[in-house]
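Peer 1: this one's sequence-less:
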């Protein structure tokens, strides 16, 4: 059951400060409405994973690991591999997170990232098949939130793409019943580069990449995932209020621009 | 000052009632200069005041209200009472009549779980649950007669303008009827048949509260049932 | 039951969809209010083959106490699909999809309920999908608004919802399950007319920015139509009682 979350005890004065600043064209961390916080991406830190990426977006920190294993396909898609995205918003990252099964926030985050990858057909699912209907490769994307200072969705999206784009696998083949790996590392076949861009409505102003203080006072949030050709491949509105039609149009156009900027940074980091 | 919706008609939540400088009655709210309905109900205009009389809705406690409640828990210093409101009510032992003195060992001797109690709302605000009292004439445990629970929104109609509906019901059915503001109605009649007719009349008010000619239709229904009302009693007295 | 086969075409040469609709047509919608006895408010919707029942309880004391908010009611929402509601039986255990939908549906309703009036209580919305055929979260929201109103819970206005999608390259209104499955995009939308805000918006698939804008306009127009149906359904119940009762009075007076 989903229920209205407890609002963290943010002092009324702090709330007012954030809202007033934004209304006057400034933000609590001095950014403009359309800028991202400083972004650092490092790939390959986890050698045991096929791909990994650590993302620092402002003070938010996310670690994404990609592991490719073998498994069985879903009955209704015997000629496709499997993609599964999971997210952990654990107590390490924030006093607001508790131990236990994934919260609705964790599930939503994972499913939004999944949608972006799946709908943009970023991973070539057909190339993951070893034996149609029987054995395929399964791509696990596991998102680990380490530090929550706002906009975990974008940080996770950046990390997921960087991890996928820098992932290396051995070529797998089926010999009889056994899976055999040929020597030599190859990149994971990636056909698209989806990037999520998240906006928050603070008072009447739309800002991109909300920091935690902004998330705590925002009216609503919209994540728009853009694939490499500038088309939308996922959208998710969150928060207790809503957007006007005009606000939505503005947001979508800005998302295309911001996604392109971040995509360039992600792909550059993935090469290194 | 423009009235937009039709008075005495059913309005839905979010429906525009009026524009301009009106006083906000129950279940209406203002956005800028426009006044909207907050619920499904009958739109009433009384001079400068716009109100929506709800067709449905629970009971919201008010200090001074008479309420019928069921004991749901017996504690050390009082009882928890279900008064069909969003909040459970508390009836402290100190709010029962009788001599003060050593605290009674077992409060369930006075009121036990499941008992129906007629009480009055002593205190209530946004920060805590309603506080009840049974110190007062006629208040206390209800052990005889029948209890009918109807929507609290229909109680004003059951009482009627200046008590006209409830007086008529008491007279025609020969029953004593105590109306709780929370929709709990307690009644005692000369015979089970009298009580049955009174119960039917009360449900009829609940169902048809928003229609014209209700009082006459109910009087007809009672007359058809052949129960002896108050008239015979006064004559005997 | 076996899954239905993939249709050859979703739109024929005359622009007609597999269920006979045009691209901009809604499925037939039936709305009923106040059908459950124990729930404080209830509503039932049929939209195409969707059959969804919503029950509302509250405002009532918050249990467990720690979820209560000191200055407003907590809105709780559960979207659940019956195991027999879909082609392939759904495992009754709560799925991640149901959890996500419960969240976005709750968030679509939050801004209309006047929660400030009932601090420390919960208002519970239970959405039971008895049969699902595409667009169930939107139909659920449409019915949930009615159930809240039927419970007498004060609201700013009703929330209306409808999905659009892209099939065979064309934007189409109110996708059925087959169209969602084999189409190119699905865009559910919920909208409140007075505040003029979109309170639910999701998309999966691929859309250009101009397809999105076109689809959004189509969806909002449909929401306007659905909102009219909601108001009618709410009032109908009382108007029928009013007519029957007053008619009885007239015939008796005449007699």
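Peer 2: Right, received. Where do you want to start? Please read all numbers here as calculations on a predicted model, not as lab measurements.

Peer 1: Can you tell me the number of residues neighbouring residue A:156?
Peer 2: 28 (other CB atoms under 10 Å in any protein chain shown). C-betas here are computed from N, CA, C, even on glycine.

Peer 1: Apart from its neighbours in sequence, what residue is nearest it?
Peer 2: Of all residues not flanking residue A:156 in the chain, residue A:143 sits nearest, at 4.6 Å (CB to CB, 6 or more residues apart in numbering or on different chains).

Peer 1: I'd like the next helix or strand past the helix or strand containing the one you found.
Peer 2: Per DSSP states H and E: residue A:143 is located in strand A:135-147. Going down the chain from strand A:135-147, the next helix or strand is helix A:152-165, by DSSP H and E.

Peer 1: which SSE is residue B:177 in?
Peer 2: strand B:175-179.

Peer 1: Contacts only, for whichever residue of the stretch 51-200 of chain A sits closest to chain B.
Peer 2: Nearest residue of the stretch 51-200 of chain A to chain B: residue A:200, at 23.7 Å (CB to the nearest CB). Contacts here follow CB atoms under 8 Å, 6 or more residues apart in numbering or on different chains; on that basis residue A:200 touches A:206-207, A:210, A:214-215, A:218, A:220-221, A:239.

Peer 1: The same query, at a cut-off of 10 Å, please.
Peer 2: Residues in contact with residue A:200 (CB atoms under 10 Å, 6 or more residues apart in numbering or on different chains) are A:22, A:33, A:150-151, A:206-211, A:214-215, A:217-222, A:238-239.

Peer 1: what's the answer for residue B:11, then?
Peer 2: For residue B:11, counting by CB under 10 Å, 6+ apart, the contacting residues are B:5, B:17, B:27-28, B:36-43, B:52-53, B:55, C:231, C:234-235.

Peer 1: buried sites along the helix-or-strand element of chain A with minimal mean pLDDT?
Peer 2: Ranking every helix and strand in chain A by mean pLDDT, DSSP states H and E puts helix A:12-23 at the bottom, with a mean of 87. Using 16 or more other CB atoms under 10 Å in any protein chain shown as the burial criterion, the residues of helix A:12-23 that qualify are A:18-19, A:21-22.

Peer 1: How about it and chain B, touching?
Peer 2: No - on the criterion CB under 10 Å from any CB of the partner chain, helix A:12-23 is out of touch with chain B, staying 17.6 Å away.

Peer 1: And the contacts of that helix?
Peer 2: A:7, A:10-11, A:26-30, A:33, A:200-207, A:210-211, A:213-219.

Peer 1: What is the neighbour count of the closest residue to chain C within the stretch 101-250 of chain A?
Peer 2: Residue nearest to chain C within the stretch 101-250 of chain A (CB to the nearest CB): residue A:242, separated by 3.3 Å. For residue A:242, the count of nearby residues is 28 (other CB under 10 Å).

Peer 1: quick revisit: check which element follows the least confident helix or strand of chain A along the chain.
Peer 2: Counting by DSSP H and E, what follows helix A:12-23 is strand A:39-43.

Peer 1: Give the buried residues for that next one.
Peer 2: A:39, A:41-43.

Peer 1: Partner strands of the very next helix or strand once past that strand, with direction?
Peer 2: Scanning forward in sequence from strand A:39-43 by DSSP H and E, the next helix or strand is strand A:51-57. With DSSP bridges as the test, strand A:51-57 is paired with strand A:39-43 (antiparallel), strand A:60-71 (antiparallel).

Peer 1: coming back round to it: in strands, which of the contacts of residue B:11 fall?
Peer 2: In strands, judged by DSSP state E, the following of the contacts of residue B:11 are found: B:17, B:28, B:36-37, B:41-43, B:52-53.

Peer 1: Poorly predicted segments of the chain, please.
Peer 2: Going with chain A. Scanning chain A for pLDDT under 70 picks out the ranges A:9.

Peer 1: my bad, chain C
Peer 2: C:1-3, C:245, C:247-255.

Peer 1: Run through the helices of it in chain order.
Peer 2: Using DSSP state H, the helices of chain C run over residues C:96-109, C:136-150, C:177-182, C:209-254.

Peer 1: do the same with chain B
Peer 2: For chain B, the helices defined by DSSP H occupy B:155-159, B:164-173, B:192-208, B:214-225, B:230-236.

Peer 1: Point to the residue nearest the middle of chain B.
Peer 2: For chain B, residue B:181 is the residue whose C-alpha lies nearest the centre (CA atoms, centre = their mean; 2.7 Å).

Peer 1: Tell me who's in contact with the residue nearest to it when sequence neighbours are not counted.
Peer 2: Distances taken as CB to CB, 6+ apart place residue B:65 nearest to residue B:181, at 4.0 Å, with adjacent residues excluded. By CB under 10 Å, 6+ apart, the contact set of residue B:65 is B:59, B:83, B:85, B:119-121, B:124, B:130, B:132, B:152, B:155, B:180-182.

Peer 1: How many residues are close by residue C:86?
Peer 2: 17.

Peer 1: Might one say that it is in contact with residue C:97?
Peer 2: No - using CB atoms under 10 Å, residue C:86 makes no contact with residue C:97, being 11.3 Å away.

Peer 1: count of neighbours near the residue in chain C that chain A sits nearest to?
Peer 2: With CB to the nearest CB, the shortest gap between chain C and chain A falls at residue C:197, namely 3.3 Å. When neighbours are counted by other CB under 10 Å, residue C:197 registers 21.

Peer 1: For chain B, which residues score under the pLDDT cut-off?
Peer 2: Looking at chain B by pLDDT under 70, you get B:99-105, B:230-237.

Peer 1: Can you spell out the domain ranges of it, please?
Peer 2: Here the domain assignment for chain B is B:2-54, B:66-142, B:146-236, based on automatic domain parsing.

Peer 1: got a markdown table for those domains, with distance to residue C:8 too?
Peer 2: Output for those, formatted as a markdown table (distance: least, CB to CB, whole Å):
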| stretch | distance to residue C:8 |
| --- | --- |
| domain B:2-54 | 44 |
| domain B:66-142 | 55 |
| domain B:146-236 | 54 |
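
Peer 1: Nearest approach to residue C:110 belongs to which of those?
Peer 2: domain B:2-54 (15.0 Å; CB to CB).

Peer 1: Identify, from the contacts of residue B:65, the entry nearest to chain A.
Peer 2: Relative to chain A, the closest of the contacts of residue B:65 is residue B:85; by CB to the nearest CB it sits at 20.8 Å.

Peer 1: Pretty sure residue B:68 is one of the things the closest one touches, is it not?
Peer 2: No - between residue B:85 and residue B:68 there is no contact under CB under 10 Å: 11.6 Å.

Peer 1: before we move on, the earlier item: may I have the strands that pair with the strand holding residue B:177, each with its orientation?
Peer 2: By DSSP bridges, strand B:175-179 pairs with strand B:184-189 (antiparallel).

Peer 1: the inter-axis angle of the strand it pairs with versus helix B:164-173?
Peer 2: 30 degrees (axes from the mean of the first three to the mean of the last three CA atoms, to 10 degrees).

Peer 1: how near is the residue of chain A most remote from its centre to residue A:131?
Peer 2: Outermost residue of chain A with respect to the C-alpha centroid, by CA atoms, centre = their mean, is residue A:176; its distance is 37.9 Å. Going from residue A:176 to residue A:131 by CB to CB, to the nearest Å gives 10 Å.

Peer 1: now residue A:62
Peer 2: Separation of residue A:62 from residue A:131 (CB to CB): 35 Å.

Peer 1: and residue C:220, which of the helices of chain B is closest to it?
Peer 2: The minimum distance between residue C:220 and the helices of chain B falls on helix B:192-208, with 38.1 Å, by CB to CB.

Peer 1: Now do the buried residues in that closest one.
Peer 2: For helix B:192-208, by 16+ other CB under 10 Å, it's B:194-195, B:197-202, B:204-206, B:208.
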